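Undergrad: test case, fold it:
(chains A and B)
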There are 2 protein chains.
Amino acid sequence: MNMNNPSSEVRSDMISTSKLLLPDLREMIATNNVYDMNEFCSALHPASTAEFLQDLNPEEIWTILHSIETPLRAEIFSYFDRDLQEQIVETCPREEVAELLAETPSDDRVDLLNEVSPEISAEVTSLLPQEDQQDVALLARYDEDQCGAEMSSDFFRLREDMTVGEAVAEISSQTHLIETVYYLYVLDAEGRLAGVVSAKDLLRRINQQDVPISSFMKSAGTLVTVNDTESREEAIEVVKKYDFIALPVVDASGKMLGVITHDDVLDAAVEELVEDAHLSAAVSPLENETYLGANLFLLARKRFTWLAILLFGAITTALILKLFSDVSDRVTWLVAFLPMIVSTGGNSGGQSATLVITALATGEIELSDWKKIAKREIAMGALLGIAMGACGFINALIIHGFDVPVIELLLVPLAVFCVVFCANLTGALLPLLFQKLKLDPALMSNPFVAGISDTLGTFIYMALGAILVARFY
Amino acid sequence: MNMNNPSSEVRSDMISTSKLLLPDLREMIATNNVYDMNEFCSALHPASTAEFLQDLNPEEIWTILHSIETPLRAEIFSYFDRDLQEQIVETCPREEVAELLAETPSDDRVDLLNEVSPEISAEVTSLLPQEDQQDVALLARYDEDQCGAEMSSDFFRLREDMTVGEAVAEISSQTHLIETVYYLYVLDAEGRLAGVVSAKDLLRRINQQDVPISSFMKSAGTLVTVNDTESREEAIEVVKKYDFIALPVVDASGKMLGVITHDDVLDAAVEELVEDAHLSAAVSPLENETYLGANLFLLARKRFTWLAILLFGAITTALILKLFSDVSDRVTWLVAFLPMIVSTGGNSGGQSATLVITALATGEIELSDWKKIAKREIAMGALLGIAMGACGFINALIIHGFDVPVIELLLVPLAVFCVVFCANLTGALLPLLFQKLKLDPALMSNPFVAGISDTLGTFIYMALGAILVARFY
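TA: Down below sits the predicted model:
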């Protein structure tokens, strides 16, 4: 750690010894030293405080958080792991939990209430302020992957007919509810989004109190929104493209319901890509679990399902080999190259599948590009096939030496060419087919592409072996 | 498209027919209709305008952009693809390009100047305002993956001794330079970061002009910063954890150099995960290229390198099979199960490798967790091995029927158990070993794990076959 950096001491992620503080914290609790607890909670960034507290049990944490005001308590709470948040909601006094959740961003609040038991969720919800109860009901209507579920209904609302002076007064009255001023949203009488004012726009005109905000707001024509029922992937795409800090969510009638903020988009984008990575190795997504946090048996069951499907699929290779058993009985060296041939097919198919899947996920290509992609991969397959065929020839020489007929030396390179060409094209087109069938393209993952090319490769190699080589034996 | 949504008409990503506008735009150019060009450029969100213009050639685009003021021109320019930006910088008049780049965020400006030829870069840089020239020199010092290269040096600077009134006046004077007010940074006389004021904090106290900002700013203790020489992965982690809109970057002496903004973090996070996905399928990252934009031969060469390494690695399987050729000659049905066994090993190794690699990438686990991970995967391998062994037994029954000795029916399940157990553990531990060796763990990707388990699986299966079965023949 660089001691010259005046603020580096508060980056708790640099301190691997956060457990060193535990005895001190436990002593504060034992001696009920409220002053020190308060000092501790206020001194650091709330995210760092949360990290230090994380190793205590929920009751200890609750005691320490009691030393501070509810807004800071809610902020520290928001940085706890989901598991710990659940435990706190389940074990701490319901009234105090409701008080805390009233200060929690509305999207996180709904996610959390969905995780705990329906009884606790109902009980805590009934203790929330009326307005928040309606909000919980509103957000609970949406599926997890819809924009509505990702949005927060806390945002600054202004009216079209306000002046700069009125807008500033209005902000002061709303500011205790809302953590950050992203943009200020101007709504018409029906609650539809009429325009947007940035904090910068307002600060520049602070000495012109009587100027109407409608004279400088960005209005309808240049506003970008998402619908509440659109998928969150759509929201991620829009935020990536327009670089928004917050994206307004409207319903079908144009009424503004909430905002999706930059931090939720970042988390959602990372989550989507990690899910894709897991799918691409035939692991069902861990959902809200972490790798070390996930239940071993649950994870084993998820992994087993896919492995078993793939194993039973691989029976086709055994059947093909049984079919060609007279060939392999006569030409016993054939089998030596079999794993090499099928794995090369699987690798090239996996490459093209991954390239297509990631390009689909980041929005670079669309289903309608399939012809372009097919042409590209036919050329690519031919290039790779020739180059890999040459390598296959060298491998055949290494194993065989020159003491076999030329035709036999040609079997491996020819098989490598055919297998690479077919597997490459299959790998590129299957994710597109899955997309077309409204299935997740990431499902057409490396193991599945590899499974298909195992079958393909086994058949091509044995058939070529039967045609080219077996007649010499 | 939902016509009830008053702002949906401006989401250009919903309009798949952006080319329909091209004849109109070309007519505007032909008739030199500056009024219509200006209307067109001002009517939509700059990102949408940029998308419509993308299909014109650089000269046409430049003509249309001439109809508007430089700030809007720079904003539309910032949404063009990197390729098009390069073409414009290379082909349009140098003075005008410099004028445009003076308004471009400093991190994007440096990235762009790094892409064009050194002569053009030097010429354009020399035409920039003095301050921007120094800025280009500052940012050019950093490697692409350092925080310094990712930061923008445009941020709001306040002095410690300012009052609310002075701060607001200062903002008005800086506002033409800076697009968005994220936070207002309070610097001491040496340029070190002393505190942060949010736009909200200032707006709340707008009627208390004489209050010093130091009385309500967030000061040193709770500030989180990154160092300019830290890796950008570090910045991504910090922003994900603290939900920052902008993260201050300081040098070793604590002097504030710039900010890394939420949009750059989102792009960087997506880029890192896509790179990992490509590596995990043994494709070298595409760098700044898109899937369809990448040169076919260049991509083929990158893919070929890995495929060839894997193919030559697979020669070990051929050597093992040659070693056991007397076994496979005598027990000819052995080979039928070989592809099934090795692919099952590859799949289970790929699963555990992907889980560990993504958990490392998202910061969930660290190298120091290796013992926990090893224990977990030993248990997981035993569970999966037993379950998959049972499936292997069923597969053996399907192919063999009951007309072989029991010991022969046991070969496949026993081999599946051993292979799954070994491959699963190998897949989980190799990425950690790579991390330890300071190599990218994502390199220890599915194809490599599969390659290693092919060798392992071939050996285990043939050795078990020799011990258990071959003596009956």
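
Undergrad: what's the helix or strand for the residue nearest to A:Y79 when sequence neighbours are not counted?
TA: Leaving out its chain neighbours, the residue that sits closest to A:Y79 by C-beta to C-beta, 6 or more residues apart in numbering or on different chains is A:A50, at 3.5 Å. Every residue, glycine included, has its C-beta placed from N, CA and C. Following DSSP states H and E, one finds A:A50 within helix A:46-53.

Undergrad: show me the shaky parts of chain A.
TA: Chain A contains residues with pLDDT under 70 at A:1-20, A:175-181, A:220-221, A:282, A:285-289, A:444-445, A:470, A:473.

Undergrad: determine which residue lies closest to the centroid of it.
TA: A:E271 (1.4 Å; C-alpha atoms, centre = their mean).

Undergrad: secondary structure element for that one?
TA: Secondary structure assignment for A:E271, by DSSP H and E: helix A:262-279.

Undergrad: what's the following helix or strand past that helix packed up against?
TA: Remark: after helix A:262-279, the chain's next helix or strand is helix A:296-313, criterion DSSP H and E. Helix A:296-313 makes packing contacts with helix A:446-468, helix B:338-361, helix B:370-400 when contacts are defined by 3 or more C-beta pairs under 8 Å, 6 or more residues apart in numbering or on different chains; DSSP states H and E.

Undergrad: looking at the ones you listed, spot the one closest to B:W62.
TA: Closest to B:W62 of those, according to C-beta to C-beta: helix B:338-361, at 41.1 Å.

Undergrad: distance between the closest one and the chain's centre?
TA: Relative to its chain's centre, helix B:338-361 lies at 23 Å (C-alpha atoms, centre = their mean, to the nearest Å).

Undergrad: do it and chain A meet?
TA: Yes: against chain A, helix B:338-361 shows contacts by C-beta under 8 Å from any C-beta of the partner chain at B:338-340, B:342-344, B:346-348, B:350-351, B:353-359, B:361.

Undergrad: residues near the nearest residue to A:A466 once chain neighbours are set aside, how many?
TA: Nearest residue to A:A466, sequence neighbours excluded (C-beta to C-beta, 6+ apart): A:V327, at 4.7 Å. Using other C-beta atoms under 10 Å in any protein chain shown, A:V327 has 18 other residues around it.

Undergrad: other SSEs contacting the helix or strand hosting A:V327?
TA: For A:V327, the host element (DSSP H and E) is helix A:325-330. Applying 3+ C-beta pairs under 8 Å, 6+ apart, we find helix A:325-330 packed against helix A:446-468.

Undergrad: the helix it packs on vs helix B:338-361, what angle?
TA: Interaxial angle, helix A:446-468 versus helix B:338-361 (axes from the mean of the first three to the mean of the last three C-alpha atoms, to 10 degrees): 150 degrees.

Undergrad: can you give me the angle helix A:446-468 makes with helix A:262-279?
TA: Between helix A:446-468 and helix A:262-279, the angle comes out at 30 degrees (the same axes, to 10 degrees).

Undergrad: dump helix A:446-468 to PDB, keeping only the CA atoms.
TA: Taking Å, rounded to 0.1, in the frame of the first residue of the first chain, the C-alpha atoms of helix A:446-468 are listed here in PDB:
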ATOM      1  CA  ASN A 446     -19.000 -25.700 -26.100                       C
ATOM      2  CA  PRO A 447     -19.900 -29.100 -24.700                       C
ATOM      3  CA  PHE A 448     -22.900 -29.400 -27.000                       C
ATOM      4  CA  VAL A 449     -21.000 -28.300 -30.100                       C
ATOM      5  CA  ALA A 450     -18.300 -30.700 -29.000                       C
ATOM      6  CA  GLY A 451     -20.800 -33.500 -28.500                       C
ATOM      7  CA  ILE A 452     -22.200 -32.900 -32.000                       C
ATOM      8  CA  SER A 453     -18.700 -32.800 -33.500                       C
ATOM      9  CA  ASP A 454     -17.700 -35.900 -31.700                       C
ATOM     10  CA  THR A 455     -20.500 -37.800 -33.500                       C
ATOM     11  CA  LEU A 456     -19.800 -36.000 -36.800                       C
ATOM     12  CA  GLY A 457     -16.000 -36.600 -36.400                       C
ATOM     13  CA  THR A 458     -16.300 -40.200 -35.500                       C
ATOM     14  CA  PHE A 459     -18.600 -40.900 -38.500                       C
ATOM     15  CA  ILE A 460     -16.400 -38.900 -41.000                       C
ATOM     16  CA  TYR A 461     -13.200 -40.500 -39.800                       C
ATOM     17  CA  MET A 462     -14.500 -44.100 -39.800                       C
ATOM     18  CA  ALA A 463     -16.300 -43.700 -43.100                       C
ATOM     19  CA  LEU A 464     -13.200 -42.200 -44.800                       C
ATOM     20  CA  GLY A 465     -11.200 -45.000 -43.100                       C
ATOM     21  CA  ALA A 466     -13.500 -47.600 -44.600                       C
ATOM     22  CA  ILE A 467     -13.300 -46.100 -48.100                       C
ATOM     23  CA  LEU A 468      -9.600 -45.200 -48.300                       C
END
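
Undergrad: show me which residues of it are buried.
TA: Using 16 or more other C-beta atoms under 10 Å in any protein chain shown as the test for burial, helix A:446-468 gives A:446-466, A:468.

Undergrad: helices and strands around that helix, which ones?
TA: helix A:296-313, helix A:315-323, helix A:325-330, helix A:338-361, helix A:406-436, helix B:338-361, helix B:446-468.

Undergrad: repeat that with 6 Å
TA: Here helix A:446-468 touches helix A:296-313, helix A:315-323, helix A:338-361, helix A:406-436, helix B:338-361, going by 3 or more C-beta pairs under 6 Å, 6 or more residues apart in numbering or on different chains; DSSP states H and E.

Undergrad: can the second one be said to contact chain B?
TA: Yes: using C-beta under 6 Å from any C-beta of the partner chain as the criterion, contacts between helix A:315-323 and chain B involve A:315, A:317-318, A:321-322.

Undergrad: what lies in contact with that helix?
TA: A:454-455, A:458-459, B:336-337, B:339-340, B:395, B:399 (C-beta atoms under 6 Å, 6 or more residues apart in numbering or on different chains).

Undergrad: please apply the same query to stretch A:412-430.
TA: Under C-beta under 6 Å, 6+ apart, the answer for stretch A:412-430 is A:337, A:341, A:344-345, A:348-349, A:352-353, A:356, A:373, A:377, A:381, A:384-385, A:388-389, A:392-393, A:396, A:444, A:449, A:453, A:456-457, A:460-461, A:464.

Undergrad: apply 7 Å and report the result again.
TA: A:337, A:341, A:344-346, A:348-350, A:352-353, A:356, A:373-374, A:377-378, A:380-382, A:384-386, A:388-390, A:392-393, A:395-396, A:444, A:449, A:452-453, A:456-457, A:460-461, A:464 (C-beta atoms under 7 Å, 6 or more residues apart in numbering or on different chains).

Undergrad: any idea how far that stretch is from the chain center?
TA: 31 Å.

Undergrad: which of the residues in the helix holding A:V327 are buried?
TA: Neighbour counts over helix A:325-330 (16+ other C-beta under 10 Å) mark A:327-328 as buried.

Undergrad: using PDB, list the CA coordinates for that helix.
TA: Coordinates of each C-alpha in helix A:325-330 appear next as PDB, following Å, rounded to 0.1, in the frame of the first residue of the first chain:
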ATOM      1  CA  SER A 325     -16.200 -52.500 -36.000                       C
ATOM      2  CA  ASP A 326     -15.200 -54.700 -38.900                       C
ATOM      3  CA  VAL A 327     -13.100 -51.800 -40.300                       C
ATOM      4  CA  SER A 328     -11.400 -51.100 -36.900                       C
ATOM      5  CA  ASP A 329     -10.900 -54.800 -36.400                       C
ATOM      6  CA  ARG A 330      -9.000 -55.100 -39.600                       C
END
